[in-house]
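J.: here is a sequence with its predicted model. Questions after.
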Amino acid sequence: MELFQLKYFVNIADTLSFSRSAELLHVSQPALSHQMQQLERELGTKLFDREHRKIRLTSSGEVFLPLAQAVLFRADEAIRVLKEHMGVEAGDVSMGCNPSVATYVAPKMLATFRATFPRVTVELVEGGDAELARMVLDGTIDFAVVTASGSPTTLDTTFLGAEELMVVLPPGHRLASRRSVGLPELANESFLFPSESFNVTVQVMEACRGAGFEPQIPYRTGSVESVKNFVRQGLGISVLPAMTLGEVNGGGLAILKVDGGMSRDLNLIQSRDRSPTGAARALMLHVKLYLSGDAD
């Protein structure tokens, strides 16, 4: 059982709504439901009754709720004490991440980190998941945020959360007025993907094949931003992480959900063979808090 699963459970118990909790927790509803199913399997009991689109705690859920709240309170207190202890730390940290995280998440995340830890210098290294895993293993970087579903046994992996993938369409597209779309409906579309290290491309292509068609890719561009510009010009469609679409209001793009949901995982990887410095521990903790929505 993971702390984030307890956090998800407590939030759902507070809202009595999976959709509302998914919105508050910044995860997709299918990913949230999947984590609750895993928690229920591990506990060997149902925590929620789901009837007529309404949910309520089972008797087991009512017993488990204060226990989960107590564990989360202790964890928060431990984090607070640790942050106070690490506040005196100074040093250099090298952090790896893929280009989309570096562009759309890291700037604000590192700005809030610097406000708390002004004496820590951070080097941000961009790369693909396999490249970043190798760099963590050989000690070139201290840790990395990756999207790969698995890592070598010599790495410790911490799940940070799931991020929804969205279908991106040009204005005036035949599906632009829809809120969601099934992948089979996109079989005759031209797909656009960045040529940079981008694991979502592989994930989307595999999902399309699972839906019964081979995606046609007439163009590959240099970055996510250029993909969006190509889509705006009607040269094709794309499927991109939600983090890359923050400016879409008025940005000339139509954004749709994938029927049934599609998401990618974000994971923090670090070496099992080396102890991180105090500065690296401080940044890793900040990354975990920030990406779970708990950072100050």
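T.: Happy to help now that I have it. Please read these numbers as outputs of a predicted model, since none were measured by experiment. Residues are numbered from 1 along each chain as shown.

J.: please make it C-alpha for all contacts and neighbour counts, starting now.
T.: Will do.

J.: what comes up buried for stretch 275-284?
T.: In terms of neighbour count (16 or more other Cα atoms under 10 Å), stretch 275-284 has its buried residues at 276, 278-284.

J.: got it, and stretch 91-104?
T.: 93-103.

J.: returning to that earlier point: let me know the closest of the buried residues of stretch 275-284 to Pro241.
T.: The closest of the buried residues of stretch 275-284 to Pro241 turns out to be Met284 (Cα to Cα; 22.2 Å).

J.: ok, back up a step: so can I have CSV of the buried residues of stretch 275-284 showing pLDDT?
T.: Shown next, in CSV, are the buried residues of stretch 275-284 (pLDDT from 0 to 100):
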residue, pLDDT
Pro276, 85
Gly278, 82
Ala279, 86
Ala280, 90
Arg281, 88
Ala282, 88
Leu283, 92
Met284, 93
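
J.: and which of these is nearest to Ala176?
T.: Relative to Ala176, the closest of the buried residues of stretch 275-284 is Met284; by Cα to Cα it sits at 39.5 Å.

J.: what helix or strand is that closest one located in?
T.: Assigned by DSSP states H and E, Met284 belongs to helix 278-291.

J.: what's around Gly260, how many residues?
T.: By the measure other Cα atoms under 10 Å, the count of residues near Gly260 is 11.

J.: so Tyr8 touches His34, yeah?
T.: No: counting by Cα atoms under 8 Å, Tyr8 does not reach His34; the two are 10.9 Å apart.

J.: higher neighbour count, the two?
T.: Taking other Cα under 10 Å, Tyr8 and His34 do not tie; Tyr8 has more neighbours (21 against 12).

J.: element containing the more buried one, please.
T.: Here Tyr8 is assigned to helix 3-15, by DSSP H and E.

J.: residues in contact with the spatially closest residue to Thr154 that is not a sequence neighbour?
T.: With Cα to Cα, 6 or more residues apart in numbering as the criterion, Thr154 has its nearest non-adjacent residue at 5.7 Å, and that residue is Arg272. Residues near Arg272 by Cα atoms under 8 Å, 6 or more residues apart in numbering: 154-156.

J.: quick one: which of those is most hemmed in?
T.: Within the contacts of Arg272, most neighbours by other Cα under 10 Å means Leu155, with 19 neighbours.

J.: name the helices or strands packed onto the helix or strand bottoming out on mean pLDDT in the chain?
T.: Ranking every helix and strand in the chain by mean pLDDT, DSSP states H and E puts helix 59-86 at the bottom, with a mean of 79. If you count contacts as 3 or more Cα pairs under 8 Å, 6 or more residues apart in numbering; DSSP states H and E, helix 59-86 packs onto helix 3-15, helix 278-291.

J.: perfect, that will be all.
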